[in-house]
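1. quick one, fold the following:
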Amino acid sequence: MSFKKVFWSMPNVRSFVAIELSEPARQALTALQGDLAAKLPQQSIRWIAPESLHVTLQFLGDVPHQKIAAIIEALRNICADIPRFSFDLVGLGMFPDSRRPRIVWVGVYEPQGTLVTLHRKVGEALSPLGFPPEERSFTPHLTIGRASRHATPADLRMAGEQITKQDIGLIESVPVEHIVLMKSDLRPSGAVYTPQAILPLAADCSSRR
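-> Alright, predicted model coming up:
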């Protein structure tokens, strides 16, 4: 079988574009998860592993192998014009609400608007390649836990009540120096994320404005 036939027969790559967290941020969130777990009903929330925590800029789904290079090039081009920045992890919240929480999240605060601009530009760059952004507005957040399949409605209601009582301020500030095109492998034990490409942001964009 020729190389060309092997390449085109390769399975699609489940991919997304994300911002990885710094190690101090991961440690701070791990401590927060542990503190919350001690206060909530046992097995009510399944906590996301620290190494899997990230801020998603755009989920791409199953991507054909032959499109990966073009995606990387498009992301590299936009990153060259986006300056490095930082955001704060602050506060707790739940989706859809505290009475029946399915997702527990930490807020992402970045008042300068660079994060929103980066999200918009990623969508604009990848849309011509067949990956239009979601129609809903971008509300940056970090999912740290999901409702356990073993949790009863009463467990989740109690968990929501306890989370609502928590007074969580600034958790950690996260520097952003690059974005990542990530591969997601779905396994029985959970998703495993592997960087396909790391795209650095500009050190200084002042000369381009």
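2. does residue 41 count as helix, strand or coil?
-> coil (DSSP: H, G, I helix; E, B strand; the rest coil).
3. shaky segments in this structure?
-> 1-10, 187, 189-190, 204-209 (pLDDT under 70).
4. hang on, residue 159 in a helix?
-> Yes. Residue state for residue 159 (three-state DSSP) corresponds to a helix.
5. count the neighbours of it for me.
-> 25 (other C-beta atoms under 10 Å). (Glycine included, C-beta is placed from N, CA and C.)
6. what does residue 140 give?
-> Neighbours of residue 140 (other C-beta under 10 Å): 17.
7. any idea how far it is from residue 100?
-> Counting by C-beta to C-beta, to the nearest Å, the gap from residue 140 to residue 100 is 23 Å.
8. try residue 203
-> 45 Å.
9. in terms of neighbours, single out the busier of those two.
-> residue 100 (14 against 8).
10. so who does the closest residue in space to that one that isn't next to it in sequence touch?
-> Among residues not flanking residue 100 along the chain, residue 156 sits closest, at 5.7 Å (C-beta to C-beta, 6 or more residues apart in numbering). The contact partners of residue 156, taken as C-beta atoms under 8 Å, 6 or more residues apart in numbering, are 44, 100-101, 147.
11. in helices only, show me those residues.
-> In helices, judged by DSSP state H, none of the contacts of residue 156 are found.
12. Throw the residues you listed into CSV and include distance to residue 163, thanks.
-> As requested, these are exported to CSV (distance: C-beta to C-beta, whole Å):
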residue, distance to residue 163
44, 10
100, 12
101, 7
147, 12
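13. list just the nearest of the residues you listed to residue 64.
-> Residue 64 lies nearest to residue 147 out of those, by C-beta to C-beta, at 33.4 Å.
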